[in-house]
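Peer 1: The sequence isn't on hand, but the structure is:
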């Protein structure tokens, strides 16, 4: 690690926030980091400033988001249906196809300068998966990776394989935004209006469904603490 690397993360729980507002906030943080990196690059005195990193938690009202390489045909509900179910549809700039965010889902947005860690997007994605795999293991669930299908799954290779955590990110100048959505108390019926992540033959699940119980507000906070702990362990980081 060089003197200019910074492995501390500023944590913020944004609570309930519209997707587009959270997107704007992430974009602002990302651009500030990029601007600082460009400023450091152009300095000739060797006095580089540390770039910050952030870990944001948020919960969104019902929204379907389509990644930049996604297929709109995977959105099965028309505008009238979206209105009826009180949901919105947004095209966004992350990787991946279509997914759902909503009440009861724990969304994490790491805004990291990967030059503070390792400039390897493949490793970054596997590390995000590892965080969630370790978290759900504390609830007796065996999370797995499915080759070619980003995210965390249960019973990979079986007819009833199902995804419990979706992931999609964007990077620019090795700075990340977007992240993961872990289904905790999520109303899984909302996934019926899309082909999740463009994968037709696999379903989605949640901690609530797998453990057959609703998570209380205190228990949701415990899930957040577990994510923070394992994130720090996997990324060898500190939280501030």
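Peer 2: Now that the structure is in, tell me what you want to look at. Keep in mind it's a predicted model, so treat the numbers as computed, not measured. Numbers count the residues shown, from 1 in each chain.
Peer 1: From now on I want contacts and neighbour counts done on CA atoms only, so please keep to that.
Peer 2: Noted.
Peer 1: Do a quick rundown of the strands in this protein.
Peer 2: 8-16, 54-59, 63-66, 88-91, 98-101, 105-111, 144-146, 149-154, 162-172, 175-183, 203-204, 238-239 (DSSP state E).
Peer 1: residue at max distance from the center of this protein?
Peer 2: Going by CA atoms, centre = their mean, the residue of the chain most distant from its centre is residue 45, 37.5 Å out.
Peer 1: Can you tell me how far the nearest residue to residue 66 once chain neighbours are set aside is from residue 154?
Peer 2: Nearest residue to residue 66 in three dimensions, chain neighbours excluded: residue 98, at 4.3 Å (CA to CA, 6 or more residues apart in numbering). Separation of residue 98 from residue 154 (CA to CA, to the nearest Å): 20 Å.
Peer 1: out of the two, which sits in the more crowded spot?
Peer 2: Neighbour count, other CA atoms under 10 Å: between residue 98 and residue 154, residue 98 has more, with 29 against 22.
Peer 1: thought the more buried one was touching residue 69?
Peer 2: No: applying CA atoms under 8 Å as the test, residue 98 and residue 69 come out as separate, 9.4 Å apart.
Peer 1: what do these two both touch?
Peer 2: Residues touching both residue 98 and residue 69 by CA atoms under 8 Å, 6 or more residues apart in numbering: none at all.
Peer 1: coming back round to it: mind listing what the residue farthest from the centre of the chain touches?
Peer 2: Under the criterion of CA under 8 Å, 6+ apart, the contact list for residue 45 is empty.
Peer 1: Would you point out which residue is most central in this protein?
Peer 2: The chain has residue 180 as the residue nearest its centroid, 1.6 Å off, counting by CA atoms, centre = their mean.
Peer 1: That one pairs with what?
Peer 2: residue 108, residue 167 (DSSP bridges).
Peer 1: confidence score at it?
Peer 2: You'll see residue 180 listed with a pLDDT of 97.
Peer 1: next one: residue 67
Peer 2: We note a pLDDT of 89 for residue 67 in this prediction.
Peer 1: which helices and strands sit right next to the longest helix along the chain?
Peer 2: As assigned by DSSP state H, the longest helix anywhere in the chain is helix 19-42. Contacts defined by 3 or more CA pairs under 8 Å, 6 or more residues apart in numbering; DSSP states H and E place helix 19-42 against strand 105-111, strand 175-183.
Peer 1: Can you name the residues in contact with the shortest one?
Peer 2: Under the criterion CA under 8 Å, 6+ apart, residues 26, 29-30, 53-60, 101, 175-186, 224 lie in contact with strand 105-111.
Peer 1: Give the buried subset of those residues as a PyMOL selection command.
Peer 2: Command for PyMOL that selects the buried part of those, burial taken from 16 or more other CA atoms under 10 Å:
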select buried, resi 26+29+30+53+54+55+56+57+58+59+60+101+175+176+177+178+179+180+181+182+183+184+185+186+224
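Peer 1: what's the distance between residue 206 and residue 80?
Peer 2: 27 Å.
Peer 1: more neighbours, the two?
Peer 2: With neighbours defined as other CA under 10 Å, residue 206 and residue 80 compare such that residue 206 has more, 21 against 9.
Peer 1: Now that one. Nearest residue, chain neighbours left out?
Peer 2: residue 183 (4.6 Å).
Peer 1: Could you double-check that the one you found lies in contact with residue 163?
Peer 2: No: between residue 183 and residue 163 there is no contact under CA under 8 Å: 9.1 Å.
Peer 1: can you list residues touching both of these two?
Peer 2: Residues touching both residue 183 and residue 163 (CA under 8 Å, 6+ apart): residue 205.
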